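Enquirer: sequence and predicted structure, then a few things I'm wondering about:
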Amino acid sequence: MDVQTKGEIQASKFFDRAMDHVREKDFPKALEHLRTAIKKYDASPSFHYVMGYVFHQQKEHEKAKVSYLRTLELAPDNTECLWNISLIYLDEKNYTEAIKCWQLLLDCNPTDLEARIN
């Protein structure tokens, strides 16, 4: 049985609200709820990934990278995160880091056609 702490349960509620705002593309409200969720429970890769996604959508690449890197600390095989951070590195013309991400992506999923093509 999975036992959640009170903080995790509260954080999940804020995360759910954040996801509603993400779907509505109300990114400022989404960030507000994500920050609260992360304060209550920092160990969820999903919380950090979605925060990175929101920053990425807003073209705040430095903040997105911080969130994506935290996601990868918590979940090194998160292929969506690896792909998204590689796109930021590509936009920045940081090809060395983009290639590292693609290699990690292929290590996690050797049949990933998009990573192979890039």
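Expert: Sure, I can see it.
Enquirer: just want the most central residue of the protein.
Expert: The centroid of the chain falls nearest to Tyr49 when counting by C-alpha atoms, centre = their mean (1.8 Å).
Enquirer: check contacts around the closest residue to that one other than its chain neighbours.
Expert: Using C-beta to C-beta, 6 or more residues apart in numbering and skipping the chain neighbours, the partner closest in space to Tyr49 is Thr71 (4.3 Å). C-beta: built from backbone N, CA, C; applies to glycine. By C-beta atoms under 8 Å, 6 or more residues apart in numbering, the contact list for Thr71 reads Pro45, His48, Tyr49, Gly52, Asn78, Cys81.
Enquirer: what about the second one, neighbour count?
Expert: The one in question is His48. Neighbour count of His48, defined by other C-beta atoms under 10 Å: 26.
Enquirer: pretty sure it contacts Arg70?
Expert: Yes: between His48 and Arg70 there is a contact under C-beta atoms under 8 Å: 4.4 Å.
Enquirer: of the contacts of Thr71, which belong to helices?
Expert: Mapping the contacts of Thr71 onto helices (DSSP state H) picks out Pro45, His48, Tyr49, Gly52, Cys81.
Enquirer: gap between the last one and Gly7?
Expert: What that stands for is Cys81. Distance, Cys81 to Gly7, using C-beta to C-beta, to the nearest Å: 23 Å.
Enquirer: more neighbours, those two?
Expert: More neighbours surround Cys81 than the other of Cys81 and Gly7, with 25 against 14 (other C-beta under 10 Å).
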